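Q: quick one, what's the 3D model for this:
(chains A, B, C, D, E, F, G, H, I, J, K and L)
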12 protein chains.
Amino acid sequence: MYVAKSPLSDADQKTVSEALQGALVDLVDLSLVAKQVHWNVIGPRFRSVHLQLDEVVDTARQHSDTVAERASTLGVSPDGRAATVAQSSGIGKVSEGWIKDSDAIGVLVDALGAVITRFRERIDATGEADPVSQDIFIGITADLEKHHWMFQAENG
Amino acid sequence: MYVAKSPLSDADQKTVSEALQGALVDLVDLSLVAKQVHWNVIGPRFRSVHLQLDEVVDTARQHSDTVAERASTLGVSPDGRAATVAQSSGIGKVSEGWIKDSDAIGVLVDALGAVITRFRERIDATGEADPVSQDIFIGITADLEKHHWMFQAENG
Amino acid sequence: MYVAKSPLSDADQKTVSEALQGALVDLVDLSLVAKQVHWNVIGPRFRSVHLQLDEVVDTARQHSDTVAERASTLGVSPDGRAATVAQSSGIGKVSEGWIKDSDAIGVLVDALGAVITRFRERIDATGEADPVSQDIFIGITADLEKHHWMFQAENG
Amino acid sequence: MYVAKSPLSDADQKTVSEALQGALVDLVDLSLVAKQVHWNVIGPRFRSVHLQLDEVVDTARQHSDTVAERASTLGVSPDGRAATVAQSSGIGKVSEGWIKDSDAIGVLVDALGAVITRFRERIDATGEADPVSQDIFIGITADLEKHHWMFQAENG
Amino acid sequence: MYVAKSPLSDADQKTVSEALQGALVDLVDLSLVAKQVHWNVIGPRFRSVHLQLDEVVDTARQHSDTVAERASTLGVSPDGRAATVAQSSGIGKVSEGWIKDSDAIGVLVDALGAVITRFRERIDATGEADPVSQDIFIGITADLEKHHWMFQAENG
Amino acid sequence: MYVAKSPLSDADQKTVSEALQGALVDLVDLSLVAKQVHWNVIGPRFRSVHLQLDEVVDTARQHSDTVAERASTLGVSPDGRAATVAQSSGIGKVSEGWIKDSDAIGVLVDALGAVITRFRERIDATGEADPVSQDIFIGITADLEKHHWMFQAENG
Amino acid sequence: MYVAKSPLSDADQKTVSEALQGALVDLVDLSLVAKQVHWNVIGPRFRSVHLQLDEVVDTARQHSDTVAERASTLGVSPDGRAATVAQSSGIGKVSEGWIKDSDAIGVLVDALGAVITRFRERIDATGEADPVSQDIFIGITADLEKHHWMFQAENG
Amino acid sequence: MYVAKSPLSDADQKTVSEALQGALVDLVDLSLVAKQVHWNVIGPRFRSVHLQLDEVVDTARQHSDTVAERASTLGVSPDGRAATVAQSSGIGKVSEGWIKDSDAIGVLVDALGAVITRFRERIDATGEADPVSQDIFIGITADLEKHHWMFQAENG
Amino acid sequence: MYVAKSPLSDADQKTVSEALQGALVDLVDLSLVAKQVHWNVIGPRFRSVHLQLDEVVDTARQHSDTVAERASTLGVSPDGRAATVAQSSGIGKVSEGWIKDSDAIGVLVDALGAVITRFRERIDATGEADPVSQDIFIGITADLEKHHWMFQAENG
Amino acid sequence: MYVAKSPLSDADQKTVSEALQGALVDLVDLSLVAKQVHWNVIGPRFRSVHLQLDEVVDTARQHSDTVAERASTLGVSPDGRAATVAQSSGIGKVSEGWIKDSDAIGVLVDALGAVITRFRERIDATGEADPVSQDIFIGITADLEKHHWMFQAENG
Amino acid sequence: MYVAKSPLSDADQKTVSEALQGALVDLVDLSLVAKQVHWNVIGPRFRSVHLQLDEVVDTARQHSDTVAERASTLGVSPDGRAATVAQSSGIGKVSEGWIKDSDAIGVLVDALGAVITRFRERIDATGEADPVSQDIFIGITADLEKHHWMFQAENG
Amino acid sequence: MYVAKSPLSDADQKTVSEALQGALVDLVDLSLVAKQVHWNVIGPRFRSVHLQLDEVVDTARQHSDTVAERASTLGVSPDGRAATVAQSSGIGKVSEGWIKDSDAIGVLVDALGAVITRFRERIDATGEADPVSQDIFIGITADLEKHHWMFQAENG
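A: Numbering: from 1, shown residues only, chains lettered A, B, ... in the order given. Sure thing, here's the model as predicted:
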């Protein structure tokens, strides 16, 4: 049976792998939610929001790959399957159908806010256990918070 | 309430929108399945399969955007949310954990095979109703079948 | 006298060449109308609409070249001169002077709608006569309908 | 009603706006004429002339955008619609149908010659009124005269 | 023994695979013929024809790859070996030695004409059997006919 | 002591160097003001204005370098230090804190308007003294006036 | 009134926002100082120092944008106006006029040294309050210290 | 009759032209053989061999152009037609149908080995007659031998 | 004598400089070892491993430059000479001659494992002394551990 | 006999053509002189001066093409042959052999100074006769004077 | 006095330096002659010859730099000044004024022929003395002879 | 046991493989020495020498790969391990610590001089045995001697 060599103790490994798996699910769902709104948004700000959402998708896809491969690097099998994402994502369910642009911005402010809170917890949880994973969480959080600001500013 | 002007009759609209929604779910799930295997594959052919899977991901992501926006174009709200994908995808569930490279290839042969069968049906169903959507399905099928060949050839 | 060899029968040639000439005029006019609004639009959404219109111009210019050269390929001289465009375009006349951004969007929804209707007819008319030209019309229609959706969504 | 702030006096504004509107029409028509010949040219030099004409199209399209946006910048609504171009262009009407390559070169020598004469007049007319617009006319004239030389040299 | 899963019935498979194998041979030979003339052309139009032929080579090489891989995709082994090409190409034999530029253009007009006729037959033959392969033939035919026009126009 | 050779007479040198120094201060301040608003803008048009402002920053930074190096070229030491900019800029003080998008547009309309007036004066002042510097001022003015139009059109 | 949601406590918010505002002012001034010397340096090493300074400008401009947007992200309005920079920068005043290349290097060694000292303090101050901002300060400090080394080495 | 001026004596011309014609045939056939295997290879190493073969195709196509144009440069008409290649290639016939990856590697080891032997003879034969052509053969041999190593190493 | 100004205390300086010098030697040796195996690997997976190793070389070369210049930045002369590397590298000696691909993977698993252990120690050692250097070590470790995973997965 | 149509009167034509021919000779010689020094410079500043000179060469080559083609555009045959350049250049003869870096800078200061003086005269002479050519001279002078400053600053 | 260390004996040095100086003069003159004809060519093939000549200019400029720097590398001061080129070039004087396209081709056939003859002698002369310089001459000759073929073929 | 097929006789193989192994060691060491000085150089010319050395590193790394793979191509295992380099390099030991810029140039003049002497011997030794390898040595020597000139010129 395949066992990759982890540089971490068992306890640290457990802490970090839970954080990474949680991050993976959040980021995959963020990419799906952002695409869902990208396709369904309507209203005067359609074009602006439509384009802005693809930048969120890019961020979410790139970082989901990073955290999944970080899990594999630590010898932990990552799980980014649709059912897993549907069950354990930190983002509330997005309603179906067309979305007014102002509502779309609200959906993203909430989704990003929920994910950021969980990422902040992951930063706190992993600093002792694995500064390498923590540094990855810090970098992702910086990007997510920047997106969060921009959507909030549009409601300003 | 928002109603985009569709160039199709109601009956054709129904036929085509079901085909597009089905295609969207299949392609989003294909992108998630291919990423799942991309992260979990092990074995002597790891690197080759790992890289090959990202090409499937690129194909699936690009075409899922095309079919979702085609639905919006016809005035039909597309649904690519995680729960929808988990419930209605045409791809069988991928088991969790590490996957031997030869098994990984089998997973993709099966997943692509299942999706292709459904796309062939969509080509047949939509030719009369909307040749523009049919042409999109034909182009996607060509790409999926090419990936299918390559994974089969690796088992040859 | 120059006669290029056409792969089509005389009847098919006539059908297809009328479709191509009509498409050429519509697309040249679409490029001129989109530029006219690009220069004259005002209002809070100026920048967004201004940029969006140049994407319509790119689509229209690229496809007008394709249909004109397709006509030449079939041995039919294409006519894209200003007077011809002014007389036979399928797009209603755009009024002169500054255009409010919401009106600008309406102008494009109408212009694209008119052109799309005629392109759908060309797809139907040419399938038997020349599947190569039909395939070109299908591809152009896909692009035009996507632009149409986006402008409609902005009114959503 | 929308009034953009012009840095010019009323008299200068009138002088410059007439020059810009005239330049716009000439350049749009030049782009349409050059495309018309690009599609209809035949003869041993077909390929060379076909490619050369697309360089004229690029020049004409780029500069037509510049002069139209310069008009908007001065608070004057530009008019580049097909009917306006057909009525007020400084270029003589191009005959329909195939054009021998040597005739094609003659058409361009004449069209460029006519446009250049009018641009030289615009340079003279606008120097006092608005050196910024004059500088734009000077730069465009340099490009048009270079194209003019090349077509003349081909008749040399 | 290796058997790739084909989405086609046996009869359709036979129809399509013959069309693909024929297309492969024609396109490989077209690439060789165009290179042969590219190297042997002489006369005042040497440079223009020399460059134009490399564009034909690019088209032929790219599409030969597409049809060969399409055959593999359907589970049919493609054959593009020199002897096969020499025996079954649809292009008449090109004579050895230097070729005057006007003769070179004639060689290409004939070669492209012969290949186009066979591609038109393939479009007709495969529409029922496999719309995916048909769509590939349609796209290739559009490119070949465009090249055909350009060489004819040079004789105009 | 370092003295670069100037091609101008002493009187002309004085005229031109004052114009260049003034232009430098205006352009550096314009870049700082545009960045300030870029960071502080809020409201529905946040994203559009945020992006538009970075294009003003690019224009201002690039041209400030041009005028400063032009001063050095004429043997005059340019001064673009923060205190100098704060004291002698032609742009009125921007208030601190968040700025509503419509106010942000007003700030830019005013700032660009003030700078343009001074640049127009520099064009007049330097034509006799140094046509090379004048030509630089003309080119910068064209860019500034184009930005000015766009912000005005957004208030249209 | 606009209030963006900050992930930090009030005390942490205050600590971090002071650090970010200070960093913004230092970096904007560094970009102005480096440009000032870029334009005024003379002496045998002119070209080398002139080019090297633009790399400092790039670093300072890029990072000033990062810290200003980080402030906005935390709900704190950043202030990078010329007067603010002139009053609160950590860099000593640069004297006006031409600067010998060896003196120019000394100016940069001092300016970078002063800024680095303050950044080191910001790293210490913010680690507890906001590891995301701290990580940004660490990255900037690495770049500033590398520039510092290079100017020192030139005095070596 | 067309005679290009050769810098070589008649005897040297004969030696070099035979070498170039032989090289041309070998390289064209190598490109066809490598493509044939590229399409027909199966087995676990499919993807790796498939990609590797396209690098051989690139090498062979690029160098076949070089040697053919070198022949033309020396006034000798090159012959790269399919029948000529089929008759005089130095590469043994490749069998039709699917090829196991390990056999594919063997085919390339043999094909490259046969071509290299003949190129080594051409290097020896042409050094006196034409050092320019010899230098071309040396460069091509370096590339072919590098490919040869890589395929041998895969059997190692 | 040259003394660069270090922002660190003497004790911290000593701690960090030892860590940087050790990292430099490890990374230079890793680049040499990876190249050695890149050239000497044989076996069915030759191509895959050969390419993978150059990615390790890129990582090692880029990071060796970073740590060496970080040492210089802190005023410590780095030593990356061959003899120093040969004596103090943390990687065990690689045997000479050809290396089977499976052995090659083992060599890299061991080499990367040894280097990672030492980098983890450097992260621990430098956090207090210099968070800037620690951040560099964290980033390098992330890259090394990712490579480590991939080679382990190939043995999976 | 070939006569291109000039937009200028005979007197203006004479004035402008003399200015253009003089500019052509000066710029070709400047490119040759700068290359001569580029190859022969020695001394501690070798690398800096060597690179700087190639930027002068680029400027001189690009502008020599512009003025020569401007002459052709006006129907005047330009003369840039070596003997013409050797006889009528405005640059004093450069001595043969190695050149110390400080002397090299002096050579360029003198050469650029001489050419600039003549370009200033051309600006004055052509403003009435042909503002298009004058604008070209103004643009070239700006570039030459910038190079002049840089070489002077190196002596500062 | 500056003496660079040459790897050659005095006799070899003399042989090689004469060859390099001669090559430099020929190549600089070739670049000037090709530009002269580039500007002065007229006739139906104007565009084709005009573009082709700039490829000769590129070849000549690039190789003139190579041979001049090779001379410097061997410690020999190269001389590429206008007067030197005018006096010692191997290319016959080109007549002034407009040149018909067919004459232009003849001028290049002659110029390239003359230069090639001298390069062939340089290849023979330097093989023993310096194989490095000989290899440079061989590479340049290959390029010159290819250009020579193309111009000859245009007269074919 | 792995034996690659060499095109050389045993004696030639021995000659060439010794030359290649020697070249490999010299070039790897040159890359390490140039990096060592790149990091440790100080003095007024720091930046110029620092950048120049990275060009030497690029040359040395690229060519070391070429000679190592050439050895593998001939069936000879190359050895570029640190200990081998430390023991058998042709470059004298570089002293540790900071290096004044003028000394740095001296180090490179000596290192390059030593390596060039050995490469010249390899050119002589391998011409008969393997002209392909000899051609590689000739090309490398040209690059090394050019670097050698530049460092010498800086001492001129």
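
Q: how about the residues of chain A near chain F?
A: Residues of chain A found near chain F (C-beta under 8 Å from any C-beta of the partner chain) are A:45, A:48, A:52, A:102, A:150, A:153-154, A:156. In this view, the C-beta of every residue, glycine as well, is placed from N, C-alpha and C.

Q: how far away is the residue most central in space within chain A from chain J?
A: Among the residues of chain A, the smallest C-alpha distance to the mean C-alpha position (C-alpha atoms, centre = their mean) belongs to residue A:27, namely 2.5 Å. Noted for residue A:27: a distance of 46 Å to chain J, by C-beta to the nearest C-beta, to the nearest Å.

Q: now do the SS call for the residue nearest to that residue when sequence neighbours are not counted.
A: The spatially closest residue to residue A:27, leaving aside those adjacent along the chain, is residue A:64, at 3.8 Å (C-beta to C-beta, 6 or more residues apart in numbering or on different chains). At residue A:64 the chain is in helix, as set by DSSP: H, G, I helix; E, B strand; the rest coil.

Q: wait, the residue nearest to the centre of chain A touches residue A:57, no?
A: No. Assessed by C-beta atoms under 8 Å, residue A:27 is found out of contact with residue A:57, at 10.5 Å.

Q: which residues does residue A:35 contact?
A: The neighbours of residue A:35, taking C-beta atoms under 8 Å, 6 or more residues apart in numbering or on different chains as the test, are A:53, A:57, B:64-65, B:68, B:80.

Q: could you dump those residues into a markdown table and include neighbour count?
A: Output for the contacts of residue A:35, formatted as a markdown table (neighbours: other C-beta atoms under 10 Å in any protein chain shown):
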| residue | neighbour count |
| --- | --- |
| A:53 | 24 |
| A:57 | 19 |
| B:64 | 25 |
| B:65 | 20 |
| B:68 | 26 |
| B:80 | 24 |
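
Q: quick one, helices of chain A?
A: Chain-ordered helices for chain A, with DSSP state H as the definition, fall at A:10-40, A:46-73, A:82-88, A:101-126, A:131-154.

Q: what would those helices look like in TSV with mean pLDDT?
A: Converted to TSV, the helices of chain A look like this (pLDDT from 0 to 100):
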stretch	mean pLDDT
helix A:10-40	98
helix A:46-73	98
helix A:82-88	98
helix A:101-126	98
helix A:131-154	98
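
Q: in JSON lines, list those helices along with distance to residue K:84.
A: What follows is the helices of chain A, written out as JSON lines (distance: least, C-beta to C-beta, whole Å):
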{"stretch": "helix A:10-40", "distance to residue K:84": "67"}
{"stretch": "helix A:46-73", "distance to residue K:84": "59"}
{"stretch": "helix A:82-88", "distance to residue K:84": "75"}
{"stretch": "helix A:101-126", "distance to residue K:84": "70"}
{"stretch": "helix A:131-154", "distance to residue K:84": "61"}
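
Q: now for these, which one comes closest to residue K:128?
A: With distances scored as C-beta to C-beta, the stretch of these nearest to residue K:128 is helix A:46-73 (58.9 Å).

Q: which residues belonging to that closest one are considered buried?
A: Neighbour-count burial for helix A:46-73, with 16 or more other C-beta atoms under 10 Å in any protein chain shown as criterion, is recorded at A:46-50, A:52-53, A:56-57, A:59-61, A:63-73.

Q: what angle do it and helix A:101-126 make?
A: Orientation note: helix A:46-73 sits at an angle of 20 degrees relative to helix A:101-126 (axes from the mean of the first three to the mean of the last three C-alpha atoms, to 10 degrees).

Q: now residue A:141, nearest residue through space, not along the chain?
A: For residue A:141, ignoring the flanking residues on the chain, the nearest one in space by C-beta to C-beta, 6+ apart is residue A:119 at 4.6 Å.

Q: where's that neighbour relative to chain E, distance?
A: Using C-beta to the nearest C-beta, one gets 43 Å for the distance from residue A:119 to chain E.

Q: ok, now residue A:16?
A: As defined by C-beta to the nearest C-beta, residue A:16 lies at a distance of 42 Å from chain E.

Q: and for residue A:3?
A: Residue A:3 is 35 Å from chain E, by C-beta to the nearest C-beta.

Q: contact partners for that residue?
A: When contacts are taken as C-beta under 8 Å, 6+ apart, residue A:3 is in contact with residue A:75.

Q: equivalent analysis for residue A:70, please.
A: Counting by C-beta under 8 Å, 6+ apart, residue A:70 touches A:20, A:132-133, A:136, I:142, I:146.

Q: of the residues you listed, closest to chain G?
A: If you rank the contacts of residue A:70 by distance to chain G using C-beta to the nearest C-beta, residue A:136 comes first, at 10.9 Å.

Q: mind checking pLDDT for the residue in chain A that chain H sits nearest to?
A: With C-beta to the nearest C-beta as the measure, the residue in chain A that lies nearest chain H is residue A:2; the distance is 18.6 Å. The per-residue pLDDT reported for residue A:2 equals 89.

Q: show me what contacts the residue nearest to it when sequence neighbours are not counted?
A: Ranked by C-beta to C-beta, 6+ apart and with sequence neighbours excluded, the top spatial neighbour of residue A:2 is residue I:156, at 4.0 Å. Contacts for residue I:156 were tallied using C-beta under 8 Å, 6+ apart; they are A:2, A:4, B:42-43, B:46, B:98, B:100.

Q: and the two most separated of these?
A: Of all pairs drawn from these, the one with the longest distance (C-beta to C-beta) is A:4 and B:100, at 14.5 Å.

Q: so which residues on chain A come close to chain I?
A: Of all the residues in chain A, those lying near chain I are A:2, A:4-5, A:7, A:69-70, A:72-74, A:131-132, A:135-136, going by C-beta under 8 Å from any C-beta.

Q: could you rerun that using 7 Å?
A: Proximity of chain A to chain I is assessed by C-beta under 7 Å from any C-beta of the partner chain, with A:2, A:4-5, A:7, A:69, A:72-73, A:131-132, A:135-136 identified as the residues in range.

Q: any of those residues buried? List them.
A: Among these, those classed as buried by neighbour count (16+ other C-beta under 10 Å) are A:2, A:4, A:7, A:69, A:72-73, A:131-132, A:135-136.

Q: for the residues you listed, which one is nearest residue G:13?
A: For residue G:13, the nearest member of those is residue A:135. The distance, counting by C-beta to C-beta, is 22.9 Å.

Q: pretty sure the closest one sits against residue I:136.
A: No. No contact is recorded between residue A:135 and residue I:136 when judged using C-beta atoms under 7 Å, the distance being 10.9 Å.

Q: give me the outermost residue of chain A relative to its centroid.
A: Largest centroid distance in chain A under C-alpha atoms, centre = their mean is residue A:1 at 30.9 Å.

Q: and it, how far from residue J:122?
A: Residue A:1 sits 83 Å away from residue J:122, taking C-beta to C-beta, to the nearest Å as the criterion.

Q: about what we covered before: so of the contacts of residue I:156, which ones are in strands?
A: Among the contacts of residue I:156, the members found in strands (DSSP state E) are B:42, B:100.

Q: ok, of the contacts of residue I:156, which one's closest to residue G:106?
A: Minimum separation from residue G:106 among the contacts of residue I:156 (C-beta to C-beta) is found for residue A:4, which lies at 53.0 Å.

Q: ok, and the closest non-adjacent residue to the closest one?
A: Leaving out its chain neighbours, the residue that sits closest to residue A:4 by C-beta to C-beta, 6+ apart is residue A:75, at 3.6 Å.
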